[in-house]
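J.: structure for this input, please:
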Amino acid sequence: MFFVGIDLAWGQNRPSGVAVLDEDGHLVHVSAAVSDDALVAALAPYVDGPCLVAFDAPLVVSNRSGNRPAEAALNRDFRVFDAGAHPSNTSRPELDPPRAQTLAARLGLDLDLDPASAAPRRAIEVYPHPATIALFRLGRTLKYKHKTGRTFADLQTALLRLVDLMETLGAATPALELAGTGWEDLRSTVEDADRKSELRRAEDQVDAVLCAYLGLFTHRRPADVTTYGDAATGAILTPTLPTDLLPDPRTPAQPDVSPPTHTGPVSEAIRGYADAQPRVREATDAMVASVTRLLDDAGVNYESVTGRAKSVPSFAAKAARLVDGIPLYSDPLTQVTDQLGVRVVTFVAEDVDAVVDLLAEVHPILDDRDLGQETASEGRFGYASRHLLLRLPDTAPYAGTPSGSASVQVRTVLQHAWAEFEHDIRYKGTVPEADAPDLDRRFTLAAGLLELADREFSAIRDRIQASMTDSTADFDPADPRISAQELATFLAGRYADAGWSRTDHYAWIAGLLLELGITSLDELGLLLDSVDLSAVSERLGYRHPSRAVRRLDDALLALFGERYIDLTGNAHRVDLLRERWVRMTGG
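T.: Take a look at the predicted model:
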């Protein structure tokens, strides 16, 4: 059986370290490879039979933002040793899907996260930093990773220290036998290096050897391994942290990266939120589904509906916020109101108002801020978005949210693009003070141009809608269906004051017309003439102008009643239609 370690780079243009141990712990291969094809070729002689491949990279990532549960749990134990994990989420293209998961699939490996597993060919996720803390009883991590402010001499000294420590594992259980097969050359590379780039090339391979040993350790000593996370959300396996191990005191030369010490209400709130976060995630998913159904049922044209549950570190930072030295929150667990966040992105500005009106029909609005209007009132261009705070029902699945509220952002796709780019640049970039005014001016210019583009998009839509009332679409006379394009043109003329619906909704309701046997616009027009749609809308109590597809949907429900509800194309919304039918008929 072989034990493989892969220190996997984030992208395929940087080298990844590869190392292989045999079942006696002898190093039989160490190298670097760039592409997935090169990695697979390097490993081919060792992964045909029984093997355990330990990746220093995420294998399973399902969260859209923030930390995985595995990282949050590991950080609670190891961050005080400077060994916390960085967030992994699907907002990063290289993690959707994770590169390590793709490689494991190519190698035919099981993702078996049980340290005591007897699976003959499997992959696990490991993390060298916390492993070195536990294996070598270090009070802080060795600072051999390149980072701003670390000198070449510091990096070389730290990496040589790691090399020395790994050589002591020859007397450990299980033993790591490093004699021969490239290890001496690797040590010489570190000792003789003149540049940081040479250290980085060696560092990848040293980490790979450590990963291979962690695979061997996991296989031989499963009782001494802790699993952080789970199979569904991702798991990190590492030697268990000794209970008596304490972090070294910091020196002035070491920046304090440990989390702040929280006491009293803040500490209690953080623990409470950490316990409640799984329920907040469940409520977030339910809220996204609910808002999506609401917009679809109303026929509003939108680009996307997404959500996120606030991470524990983000909650902690906000809960501990001070104003003039005084805590901002007396009860953070209930007063931090953005634990559950939803974002709706529309195509044009008018649809932002429509979304807000719809949400107000379902949830009491506790706060409503139009940040674009606030910015404009100050004579500036910049961030623009509608921010709502909604009260949630006190029933499942929302009852588990400590704040009882949801933060909802509604913005156009152009407003969203500006906000995301501005946040990404300012978050990642350290801007020299001399360049800051020019950067601010350029962001302001971009915001002004996008506001103008939003207005033009609205004008284009209005112009096209107006012209559609006098136009006819080409269609295939041999096709019995009313096409989605024909229907969009017809409804724009029939309901000139109605906004556009989502493109896929026109195709969907065209299928319902076919189920009803309505195959021509002339026939449809005659049927609609018999419906007093204004009376229907009044009975339904609309407080907003419904969109074109929703108006046709209401008319067909009024005309056909139970027959319409029972159509195959309506199977996903029978309850909604029955509720609307009761309101429509008064019974």
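J.: per-residue pLDDT of Ser467, please?
T.: Ser467 is assigned 60 on the pLDDT scale.
J.: again with Leu43
T.: pLDDT for Leu43: 93.
J.: what about the residue lying closest to Val225 once chain neighbours are set aside, distance to Leu107?
T.: Nearest residue to Val225, sequence neighbours excluded (CB to CB, 6 or more residues apart in numbering): Pro115, at 4.1 Å. No exception for glycine: its C-beta is placed from N, CA and C like everyone else's. Counting by CB to CB, to the nearest Å, the gap from Pro115 to Leu107 is 20 Å.
J.: cool, and Leu526?
T.: 64 Å.
J.: between those two, tell me which one has more neighbours.
T.: Neighbours per residue, other CB atoms under 10 Å: of Leu526 and Leu107, the larger number sits with Leu107, 19 against 11.
J.: contacts only, for that one.
T.: Going by CB atoms under 8 Å, 6 or more residues apart in numbering, Leu107 touches Val40, Leu43, Val47, Val53, Ala123.
J.: tell me the SS of the closest residue to Gly234 other than its chain neighbours?
T.: With CB to CB, 6+ apart as the criterion, Gly234 has its nearest non-adjacent residue at 3.9 Å, and that residue is Val60. Secondary structure, DSSP: H, G, I helix; E, B strand; the rest coil: Val60 is coil.
J.: and what of Ala19?
T.: What three-state DSSP gives for Ala19 is strand.
J.: what segments of the stretch 51-200 of the chain are helices?
T.: All helices of the stretch 51-200 of the chain, identified by DSSP state H, counting those that start in this stretch, fall at 69-78, 99-106, 128-136, 152-167, 183-192, 196-220.
J.: which of those comes out lowest on mean pLDDT?
T.: Looking over the helices of the stretch 51-200 of the chain, mean pLDDT reaches its minimum on helix 183-192, with a mean of 86.
J.: buried ones in that helix?
T.: Using 16 or more other CB atoms under 10 Å as the test for burial, helix 183-192 gives Trp183, Leu186, Arg187, Thr189, Val190.
J.: pLDDT wise, what is the residue sitting nearest the centre point of the chain at?
T.: Most central residue of the chain, judged by C-alpha distance to the mean C-alpha position with CA atoms, centre = their mean, is Arg64 at 1.4 Å. Arg64 carries a pLDDT value of 89.
J.: now for the residue nearest to it when sequence neighbours are not counted, how many residues are close by?
T.: For Arg64, ignoring the flanking residues on the chain, the nearest one in space by CB to CB, 6+ apart is Thr90 at 5.5 Å. Neighbours of Thr90 under the rule other CB under 10 Å: 14.
J.: same thing with the one 10 residues further on?
T.: A count of neighbours around Ala100, defined by other CB under 10 Å, yields 23.
J.: surely the residue nearest to the centre of the chain is in contact with Ser304?
T.: No - using CB atoms under 8 Å, Arg64 makes no contact with Ser304, being 11.7 Å away.
J.: out of the helices of the stretch 51-200 of the chain, which gets nearest to Trp581?
T.: Minimum separation from Trp581 across the helices of the stretch 51-200 of the chain (CB to CB) falls at helix 69-78, 43.5 Å.
J.: can I get the closest one as CSV, trimmed to CA atoms?
T.: The C-alpha trace of helix 69-78 is given here as CSV (Å, rounded to 0.1, in the frame of the first residue of the first chain):
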residue,chain,number,x,y,z
PRO,A,69,-18.0,24.0,9.2
ALA,A,70,-14.7,22.0,9.2
GLU,A,71,-12.7,25.2,9.0
ALA,A,72,-14.7,26.9,11.7
ALA,A,73,-14.3,23.9,14.1
LEU,A,74,-10.6,23.5,13.4
ASN,A,75,-10.0,27.3,13.9
ARG,A,76,-11.6,27.1,17.4
ASP,A,77,-8.8,24.7,18.4
PHE,A,78,-5.8,25.9,16.4
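J.: quick one: residues in contact with it.
T.: For helix 69-78, the surrounding residues in contact (CB under 8 Å, 6+ apart) are 67, 84-88, 125, 127, 129-130, 133, 226, 228-230, 233-236, 238, 241, 274, 311-313.
J.: out of those, which are inside strands?
T.: Judged by DSSP state E, strands contain the following of the contacts of helix 69-78: Glu125, Thr226, Tyr228, Gly229, Asp230, Gly234, Ala235, Ile236, Thr238.
J.: which one of the residues you listed has the most neighbours?
T.: Among the ones in strands among the contacts of helix 69-78, Glu125 has the most neighbours (other CB under 10 Å), with 29 neighbours.
J.: pLDDT at that one, what is it?
T.: Here, the pLDDT recorded for Glu125 equals 96.
J.: go on, Ala417?
T.: Confidence at Ala417, expressed as pLDDT, is 82.
J.: ramachandran angles for it?
T.: Ala417 adopts backbone torsions of phi -60, psi -40, taken as degrees, to the nearest 10.
J.: now do His26
T.: Backbone torsions of His26, given as degrees, to the nearest 10, read phi -80, psi 130.
J.: look up the closest residue to it, ignoring the ones flanking it.
T.: Distances taken as CB to CB, 6+ apart place Glu177 nearest to His26, at 4.4 Å, with adjacent residues excluded.
J.: next up, the contacts around the residue nearest to Val225.
T.: With CB under 8 Å, 6+ apart, Pro115 has these contacts: Thr218, Pro222, Ala223, Val225, Thr227, Leu237.
J.: let me know the closest of those to Leu559.
T.: Distances from Leu559 to the contacts of Pro115, taken as CB to CB, are shortest for Thr227 (59.4 Å).
J.: run a quick neighbour tally on that closest one.
T.: By other CB under 10 Å, 20 other residues sit near Thr227.
J.: now swap in Val410 and tell me
T.: With other CB under 10 Å as criterion, Val410 counts 26.
J.: in a strand, it, correct?
T.: Yes - assessed by three-state DSSP, Val410 belongs to a strand.
J.: so what pairs up with it in the strands?
T.: With DSSP bridges applied, Val410 shows beta-bridge pairing to Val344, Arg386.
J.: just the strands in the chain please.
T.: Counting by DSSP E, the strands of the chain are 2-7, 16-21, 27-33, 51-55, 121-125, 225-230, 234-239, 302-309, 322-323, 326-327, 340-346, 365-370, 386-391, 405-412.
J.: tell me what angle the fourth one forms with helix 196-220.
T.: In terms of direction (axes from the mean of the first three to the mean of the last three CA atoms, to 10 degrees), strand 51-55 departs from helix 196-220 by 130 degrees.
J.: what's the answer for the first one, then?
T.: Comparing the axes of strand 2-7 and helix 196-220 via the same axes, to 10 degrees yields an angle of 140 degrees.
J.: ok, now the fifth one?
T.: Angle, strand 121-125 to helix 196-220, by the same axes, to 10 degrees: 120 degrees.
J.: by contact count, what packs against strand 121-125?
T.: With contacts taken as 3 or more CB pairs under 8 Å, 6 or more residues apart in numbering; DSSP states H and E, strand 121-125 sits against strand 51-55, helix 99-106, strand 234-239.
J.: try it again with 6 Å
T.: Helices and strands touching strand 121-125, by 3 or more CB pairs under 6 Å, 6 or more residues apart in numbering; DSSP states H and E, are strand 51-55.
J.: partners of the strand it packs on, with directions?
T.: With DSSP bridges as the test, strand 51-55 is paired with strand 2-7 (parallel), strand 121-125 (parallel).
J.: identify all contacting residues around it.
T.: Contact with strand 51-55 is made by 2-6, 8, 100, 109, 121-126, 211, 214-215, 219, as judged by CB atoms under 6 Å, 6 or more residues apart in numbering.
J.: make a PyMOL selection of the buried ones in the residues you listed.
T.: A single PyMOL command selects the buried members of these (16+ other CB under 10 Å):
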select buried, resi 2+3+4+5+6+8+100+109+121+122+123+124+125+126+211+214+215+219
